[in-house]
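> any chance you could fold what I've pasted below:
(one chain, ligands or ions: 2)
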Amino acid sequence: MSADPHCIFCRIVAGQIPAKKVHEDDELLVFHDIHPWAPVHVLVIPKDHIASHADVGDAHAPLLGRMLALAPKLMRDLGVTNGFRTVINTGPDGGQEVHHLHMHVMGGPRPWVKG
Ligand code: 5GP
Ligand code: ZN
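Ligands and ions are numbered 1, 2, ... in the order given. Coordinates of the predicted model:
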């Protein structure tokens, strides 16, 4: 498993920076976004350092599948009952700020900070 010592999400995986974790398994970590856009806003990340969605290929299909497949259970467990939104920002034009692959999963009653 690769890690980048300068990557903020690798440091969360390593326990060097605190996060409000909601799920952890051998491959994935899920925690609350520090600046939520919606009443419920979590980030699903692979523990392995993958810089962005642009670095993903066929070999990552099971991992990406697991990230998407986990979202409904996360939202149910967090009390989201009326739908949710999944977003992956990729690269400069995609608005990616943290360069460790992550999927935003957001839910809860509107209005949201970023609709
Ligand atoms: P991006 O724009 O890269 O898709 O989203 C990065 C997200 O990571 C932002 O929503 C931001 O609030 C969140 N974030 C950045 N640093 C931290 C941190 O140290 N802890 C947590 N929990 N979230 C962070
Ligand atoms: Zn990383």
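> would you mind pulling the contact partners of the longest helix along the chain?
Scanning the chain for the helix with the most residues, using DSSP state H, yields helix 61-77. Outside helix 61-77, the residues that touch it by CB atoms under 8 Å, 6 or more residues apart in numbering are 22-23, 27-28, 30, 40, 42, 44, 46, 56, 84, 86, 103, 105, 107. Heads up, the C-betas are built off the backbone N, CA and C, glycines and all.
> so in this protein, which strand runs the longest?
strand 40-46 (DSSP state E).
> what pairs with it, and is each one parallel or antiparallel?
Within its sheet, and counting by DSSP bridges, strand 40-46 is paired with strand 28-32 (antiparallel), strand 103-107 (antiparallel).
> give me every residue in this structure lying close to ligand 1.
Applying CB under 6 Å from any ligand atom, we find that the chain lies next to ligand 1 at 8, 17, 19, 31-35, 43, 89, 95-98.
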